[in-house]
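Asker: The following comprises the amino acid sequence and a computationally predicted model.
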There are 2 protein chains.
Amino acid sequence: FSGNGEPLQVLEMVEEELPEPENNQVLIRVLMAPINPSDINIIQGRYPLQPAQLPATAGNEFVGEIVQMGDKVENFALKEHVVAYESGLGTWSEYLLLKAEQIYAVPYDLPLPAAATLTVNPCTAYRMLKDFIQLKAGDCVIQNGANSAVGQAVHQLCKHWGLKSVGVIRERPELIKLKQDLLRLGATEVFTEEELVRTQLFKSNCLPKPRLALNCVGGESASNIAKLLDYQGIMVTYGGMARKPITLPIGPLIFKKHIYQGFWITEWVKRNKNSWERSYMLKDIIQLMMRKEFIAPKHNLIPFRQYKAHAQQALTLASKTNRKFIFDMRENE
Amino acid sequence: FSGNGEPLQVLEMVEEELPEPENNQVLIRVLMAPINPSDINIIQGRYPLQPAQLPATAGNEFVGEIVQMGDKVENFALKEHVVAYESGLGTWSEYLLLKAEQIYAVPYDLPLPAAATLTVNPCTAYRMLKDFIQLKAGDCVIQNGANSAVGQAVHQLCKHWGLKSVGVIRERPELIKLKQDLLRLGATEVFTEEELVRTQLFKSNCLPKPRLALNCVGGESASNIAKLLDYQGIMVTYGGMARKPITLPIGPLIFKKHIYQGFWITEWVKRNKNSWERSYMLKDIIQLMMRKEFIAPKHNLIPFRQYKAHAQQALTLASKTNRKFIFDMRENE
C-alpha cells in the first residue's frame, strides 16, 4: 500500500524481480501469512506503529521455507521452516528477503497454520497469563472476546497450567456450537455477556473469583468482568473491539486493590527480543503445538493471488468473525 | 451513635464515668479530633469498615495528653502528647482509655491541629508519592481535588522533594485567593478543570508530562488528568468525591502503558503497623511540621460540647468545603 485507507482501496498486488540474498540475508518462500486485526489497523493508519516509508508491504506474521541463503548465514538450512522474529517485516508476499536475525526456525512438521500464527496471539496470551500476577493451579482467569485467537490461546494455556478459564462471548447464532468448541479447547465455563451478569456461580463459590481478567472489548463488557475480580485482582487490556472506553467504579480500586493495566506484545517483543523469557516461551508453545495440546485458531485459508475475490470476507470481516483468515501462498506458482 | 444514618440524626453526646487505667492502659484527655470524610461515611454506613459493635463512638484521629497510666505502661510519660496509632479508636470523646500500643508520642510543641491530623491525610499523600512509581527531582505530579487536606499535603511534600506539583480545582468563588494559597504551599501550577483542558503548557513542554496522577474525584476530572499522563504513567485513586466512575480510553492503557490503581491508608497501616517505613514516615512528617515546612490543612475549630450549634457546617459541609473541621475539647471542663 502506498497510502493509508481502507484495505480494499489501498492494497495492490505488485510483481517484482526475485532478489539474490547476500552475506547475512535469506530468501524465503512464504507459505502462509495470517491477517491480524493490527495489520488492518496499520493499513488504515489507526495504529501507533507505521511503516518507516511508503509504499510498504503489509503483514507481520508468516511461515515460510528457506530457498536461498547468503554466504554468511549460519544456523539455518535450506528448506528449513521459519517464522518472523520481529514485527513489521511486510509478510503478505510470496517471497521475502530478510536478515538471518529477523527469522526463527520452527520444526518442519509443525502445522503451517499454527506456525504462521505463532508469534503474536499465542505469545500475547502467554505473557498476559505469566507477567501480571502469579497464578497457581486452580486460580481463575476470566476473559471477554473469548473466541478471539488470543482467547482460544488463553483457554488452551489455562488448561495446560491447571487454571480455571472463564470465557465471555457475545450472543450470536450457533452459540451452543461455539461454546462447545471453547469448552473442548479448555474453557472451564463460557457465558454470554447477559449470562455473566446473572450468574450465581461466583457468588456461590462454585467458581473462584477471578484473580486475572483479560479484556479485548472495552465498554460494558470490560466493566462486567472487572466487577467479578477478586481482592487484589488485575485486569489486563489488550484490545478494544467495542471501540468504547472502560468505566471503572472507584470503590473496588480503593477497597479491593484492583489494578488496571494494558499489554502490547509488539512493545514486549521489542524489549525482550533476545531474552531467555522469549526463547523459553517460543519453545514451550511449539512443544505444545507439536503435541497437539495447542492448536491454531479456527481459520479460513485464502489463496493469496485471488485475495480480491475473498476480500470482503478476508479484510473487512477479519476482526469481526470467529475466524482468523490466513493467506495461503502455496498454490500460486 | 447506635445506628447508621445521617450524622446529625444518629450522633448523641453521652456522659460516662471516667475509668481507671489498668496494666497496659493509658487514660488520655483528648485535646483535638478532626472530622474526616471517612468518619462521616462510617456513621452513614457507607464505608467498608464498620465498628465491631454498636453503639460506637465515631472518630479516628486525635491529639491528646496522657493524664493517668496503668502500672505496666512503659515508654510514655504523664502530660506527654500522643496521637492514634491505629484506626477505629472512637476519638470524638473528651477522654479515651487506650492500650499503650494504640498510641504514638509526638513532640509537646507540635502544633495541635497538625498533630490531630497527622496520621491519615499526610500519610496518604506520603505513601502515594513514594510507593507507586519512583520519582526523581523535577518529575511532575498532577492531582485533582488539590485543595483537599490530602491535596495540601501533596503540594507540601512535592515542594520538599523537589517535585513539580500541578493542582486541579473546581471553578469557585475566591478562586484567585485559593490558587495563591496552594502556590504558597508548594504547587507549581494550579488550574481549574476548564483551564486544564485548554492549557498548552504540557504540549509545549513548559511542564513535564506527569508521571503520577492522584485522583480523589472520579468522573470527567479523573479522565482529564489521566489524559496528560506520561508514557508508563500511573494514576492512583484514593477518593471519589464526584461519586462518578472513572472512564478510561483503551489506547493509552495499551500503547502508553498506563497503570490505574487505588490506595487506602487504613489498609496500608494495617499491613504496616510496626514497619520501619511507617516509623520513618511519621518521624519525617513530624520533623517537617516542627520546621513549619508542613502545616496543618486549613481548618475551623469547633467547641466539642457545642457541636450541635456548629453541626450543619461541621458535619454536613465537612467534605464539601476547603476546610477541615476539628473538634476542640480544651474548653470543655
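Answerer: That came through fine.
Asker: So which bits of the stretch 151-300 of chain A are right by chain B?
Answerer: By the rule CB under 8 Å from any CB of the partner chain, the part of the stretch 151-300 of chain A lying against chain B is A:218, A:237-240, A:245-264, A:267. Every residue, glycine included, has its C-beta placed from N, CA and C.
Asker: in the helix or strand harbouring residue A:178, what's buried?
Answerer: Assigned by DSSP states H and E, residue A:178 belongs to helix A:175-185. For helix A:175-185, the buried set under the neighbour-count rule, 16 or more other CB atoms under 10 Å in any protein chain shown, comprises A:178, A:179, A:181, A:182, A:185.
Asker: sorry, back to before: from the residues of the stretch 151-300 of chain A next to chain B, which land in strands?
Answerer: Residues from those lying in strands, with DSSP state E as the criterion: A:237, A:246, A:247, A:248, A:259, A:260, A:261, A:262.
Asker: Surely the second one touches residue B:252?
Answerer: So the one you mean is residue A:246. No - applying CB atoms under 8 Å as the test, residue A:246 and residue B:252 come out as separate, 10.8 Å apart.
Asker: Give me the more crowded residue out of those two.
Answerer: residue A:246 (26 against 16; other CB atoms under 10 Å in any protein chain shown).
Asker: so what's that one bridging to?
Answerer: When bridges are taken as DSSP bridges, the partners of residue A:246 come out as residue B:248.
Asker: and the closest residue in space to residue A:5 that isn't next to it in sequence, what does it touch?
Answerer: If you skip the residues right next to it in sequence, residue A:5 has residue A:44 as its closest partner in space, 6.9 Å away by CB to CB, 6 or more residues apart in numbering or on different chains. For residue A:44, the residues meeting the contact criterion (CB atoms under 8 Å, 6 or more residues apart in numbering or on different chains) are A:4, A:5, A:6, A:7.
Asker: out of those, who's nearest chain B?
Answerer: Taking CB to the nearest CB as the measure, chain B lies nearest residue A:4 of the contacts of residue A:44, at 17.0 Å.
Asker: still on that earlier bit, for whichever helix or strand comes after the helix holding residue A:178, which helices and strands make contact with it?
Answerer: Per DSSP H and E, helix A:175-185 leads on to strand A:189-192 as the next helix or strand towards the C-terminus. Identification of packing neighbours for strand A:189-192 by 3 or more CB pairs under 8 Å, 6 or more residues apart in numbering or on different chains; DSSP states H and E yields strand A:164-169, helix A:175-185.
Asker: the inter-axis angle of the shortest one versus helix A:175-185?
Answerer: Orientation note: strand A:164-169 sits at an angle of 150 degrees relative to helix A:175-185 (axes from the mean of the first three to the mean of the last three CA atoms, to 10 degrees).
Asker: which strands and helices sit next to strand A:164-169?
Answerer: Secondary structure elements in contact with strand A:164-169, counted by 3+ CB pairs under 8 Å, 6+ apart, are strand A:140-144, helix A:149-161, helix A:175-185, strand A:189-192, helix A:193-198, helix A:219-227.
Asker: Quick one: distance of the helix holding residue A:178 to the chain centre.
Answerer: 19 Å (CA atoms, centre = their mean, to the nearest Å).
Asker: and it with helix A:149-161, angle?
Answerer: Using the same axes, to 10 degrees, helix A:175-185 lies at 40 degrees relative to helix A:149-161.
Asker: Convert the C-alpha atoms of helix A:175-185 to CSV, please.
Answerer: Only the C-alpha atoms of helix A:175-185 are listed here, as CSV (Å, rounded to 0.1, in the frame of the first residue of the first chain):
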residue,chain,number,x,y,z
LEU,A,175,-23.9,-20.1,20.2
ILE,A,176,-24.1,-23.7,21.5
LYS,A,177,-21.6,-25.0,19.0
LEU,A,178,-19.2,-22.1,19.8
LYS,A,179,-19.5,-22.8,23.5
GLN,A,180,-18.7,-26.5,22.9
ASP,A,181,-15.7,-25.6,20.8
LEU,A,182,-14.3,-23.4,23.6
LEU,A,183,-15.0,-25.9,26.3
ARG,A,184,-13.2,-28.5,24.2
LEU,A,185,-10.2,-26.2,23.9
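Asker: residues making contact with it?
Answerer: Residues from elsewhere that reach helix A:175-185, judged by CB under 8 Å, 6+ apart: A:146-147, A:151-152, A:155-156, A:159, A:167, A:169, A:172, A:190, A:192, A:295, A:298, A:322.
Asker: which one among those gets closest to chain B?
Answerer: residue A:151 (16.5 Å).
Asker: is stretch A:102-120 up against chain B anywhere?
Answerer: No - Stretch A:102-120 lies apart from chain B when judged by CB under 8 Å from any CB; the minimum separation is 13.9 Å.
Asker: Please point out which parts of that stretch sit buried.
Answerer: By neighbour count, and taking 16+ other CB under 10 Å as the criterion, the buried residues in stretch A:102-120 are A:102-104, A:106, A:110, A:112-120.
Asker: what do you get for stretch A:152-167?
Answerer: Neighbour counts using 16+ other CB under 10 Å place A:152-161, A:163-167 of stretch A:152-167 among the buried residues.
Asker: Contacts only, for whatever residue of the stretch 51-200 of chain A ends up closest to chain B.
Answerer: Using CB to the nearest CB, the single residue of the stretch 51-200 of chain A nearest to chain B is residue A:132, 10.5 Å away. Contacts of residue A:132 were listed using CB under 8 Å, 6+ apart, and they are A:212, A:234, A:236, A:259, A:261, A:263.
Asker: Please apply the same query to residue A:146.
Answerer: For residue A:146, the residues meeting the contact criterion (CB under 8 Å, 6+ apart) are A:154, A:155, A:167, A:168, A:169, A:182, A:187, A:190.
Asker: follow-up on the earlier one: so which of the buried residues of stretch A:102-120 sit within helices?
Answerer: With helices identified by DSSP state H, the entries of the buried residues of stretch A:102-120 that belong to them are A:112, A:113, A:114, A:115, A:116.
Asker: Looking at the residues you listed, which is nearest residue B:48?
Answerer: Ranking these by separation from residue B:48, with CB to CB as the measure, puts residue A:114 on top at 47.3 Å.
Asker: Once you drop chain neighbours, what's closest to the closest one?
Answerer: Spatial nearest neighbour of residue A:114, excluding adjacent residues (CB to CB, 6+ apart): residue A:296 at 4.1 Å.
Asker: does the one you found count as helix, strand or coil?
Answerer: Secondary structure for residue A:296, judged by DSSP: H, G, I helix; E, B strand; the rest coil, is coil.
Asker: quick one: it and residue A:121 touch, right?
Answerer: No - here residue A:296 lies out of contact with residue A:121, judged by CB under 8 Å, at a distance of 9.4 Å.
Asker: Make CSV out of the helices and strands packed on strand A:189-192 and add mean pLDDT.
Answerer: Conversion of the helices and strands packed on strand A:189-192 to CSV gives the following (pLDDT from 0 to 100):
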stretch, mean pLDDT
strand A:164-169, 97
helix A:175-185, 95
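Asker: how many other residues sit next to the closest residue to residue A:11 other than its chain neighbours?
Answerer: Once its chain neighbours are removed from consideration, residue A:11 has its nearest residue in residue A:1; the separation is 5.4 Å (CB to CB, 6+ apart). By the other CB under 10 Å criterion, the neighbourhood of residue A:1 contains 20 residues.
Asker: Residue A:1 is in contact with residue A:50, isn't it?
Answerer: No - Residue A:1 is beyond contact range of residue A:50, at 11.0 Å (criterion: CB under 8 Å).
Asker: quick one on the thing from earlier: how about the buried residues of stretch A:102-120, which pair is most distant?
Answerer: By the measure CB to CB, the buried residues of stretch A:102-120 have their two most distant members at A:102 and A:113, which lie 21.4 Å apart.
Asker: Only alpha carbons, please: show the longest strand out of those in chain A as PDB.
Answerer: Once chain A is assigned using DSSP E, the strand that runs over the most residues is strand A:25-35. What follows is the C-alpha trace of strand A:25-35 in PDB, where atoms were taken according to Å, rounded to 0.1, in the frame of the first residue of the first chain:
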ATOM      1  CA  GLN A  25      20.500 -12.500   4.000                       C
ATOM      2  CA  VAL A  26      18.000 -15.200   3.500                       C
ATOM      3  CA  LEU A  27      15.500 -15.600   0.700                       C
ATOM      4  CA  ILE A  28      12.200 -17.200   1.900                       C
ATOM      5  CA  ARG A  29       9.300 -18.600   0.000                       C
ATOM      6  CA  VAL A  30       6.300 -17.600   2.100                       C
ATOM      7  CA  LEU A  31       3.800 -20.500   2.700                       C
ATOM      8  CA  MET A  32       1.200 -18.800   4.900                       C
ATOM      9  CA  ALA A  33       0.700 -15.400   6.400                       C
ATOM     10  CA  PRO A  34      -2.300 -14.500   8.600                       C
ATOM     11  CA  ILE A  35      -4.400 -11.300   8.600                       C
END
